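[1] sequence unknown, structure follows:
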C-alpha cells in the first residue's frame, strides 16, 4: 500500500503546470491576480478598448506590484518590457481571477507562469519577472 501512496504523491508533485483560460470582460481585457494579492495583471488585446489604446496598438500585458513599493511592468507586441516606478493610476489588485501557483497562462503570444517566488511572463525573447524581492525586465 505504501509504494502506491509514494507513486501517487510523486505524480501529483511532478505534474505539469495547469494552463488557465480566463474569460475576457466586455472590452476584451483579461485581469488576474496572484494568490498573495501583491501582484495583479491586465491583458489588453490589439486595438485596445473604448478608453485605452496600448502603445504600439497592442496587445499589451501590464502587471502591478504593490509591496514593498508600488511599480508597474508592461510588455507590448515589440521590444523589451518597460518598468515604471511612479504610476498615477495605481489600481492593483482586486481581480476575481486568481492565478494560482504552478499554473500557466497563454494569450496572443504572451506566456506567464505563476510560482511562490513570483510571476514570470514573456513574449518571444522579451519578458519580465515580478516578485516581492525584485523585478527584472529584458
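    Cool, the structure landed. All figures in this text were calculated on a predicted structure; none of them were measured in a lab.
[2] how about the strands in the chain?
    Counting by DSSP state E, the segments of the chain that form strands are 18-20, 30-33, 39-44, 60-65, 71-75, 82-84, 103-107, 110-115, 118-123, 126-130, 135-137.
[3] pretty sure residue 108 is touching residue 45, no?
    Yes: Residue 108 is within contact range of residue 45, at 6.9 Å (criterion: C-beta atoms under 8 Å). Placement of C-beta: from N, CA and C, glycine included.
[4] isn't residue 73 right next to residue 135, touching?
    Yes: applying C-beta under 8 Å, one finds residue 73 in contact with residue 135, separated by 6.4 Å.
[5] Please enumerate the shared neighbours of those two.
    65, 83, 128 (C-beta atoms under 8 Å, 6 or more residues apart in numbering).
[6] By neighbour count, sort out the buried ones in the residues you listed.
    65, 128 (16 or more other C-beta atoms under 10 Å).
[7] Mind listing the shared neighbours of residue 108 and residue 45?
    Common neighbours of residue 108 and residue 45 (C-beta under 8 Å, 6+ apart) are residue 59.
[8] For burial, what's the neighbour tally of the residue nearest to residue 68 when sequence neighbours are not counted?
    The shortest distance from residue 68 to any non-neighbouring residue, by C-beta to C-beta, 6 or more residues apart in numbering, is to residue 132 (6.6 Å). By the criterion of other C-beta atoms under 10 Å, residue 132 has 15 neighbours.
[9] show me what contacts residue 132?
    So residue 132 contacts 36, 38, 65, 67-68, 118 (C-beta under 8 Å, 6+ apart).
[10] which of residue 73 and residue 135 has more neighbours?
    Set residue 73 next to residue 135 and count neighbours by other C-beta under 10 Å: residue 73 wins out with 24 against 19.
[11] pLDDT score for that one?
    For residue 73, the pLDDT comes out at 98.
[12] Same question for stretch 39-58: list its buried residues.
    39-45, 48, 54, 58.
[13] possible to save the residues you listed as a markdown table with distance to residue 88 and pLDDT?
    Shown next, in a markdown table, are the buried residues of stretch 39-58 (distance: C-beta to C-beta, whole Å; pLDDT from 0 to 100):
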| residue | distance to residue 88 | pLDDT |
| --- | --- | --- |
| 39 | 19 | 97 |
| 40 | 17 | 97 |
| 41 | 18 | 98 |
| 42 | 16 | 97 |
| 43 | 21 | 98 |
| 44 | 18 | 98 |
| 45 | 23 | 98 |
| 48 | 18 | 97 |
| 54 | 17 | 96 |
| 58 | 20 | 96 |
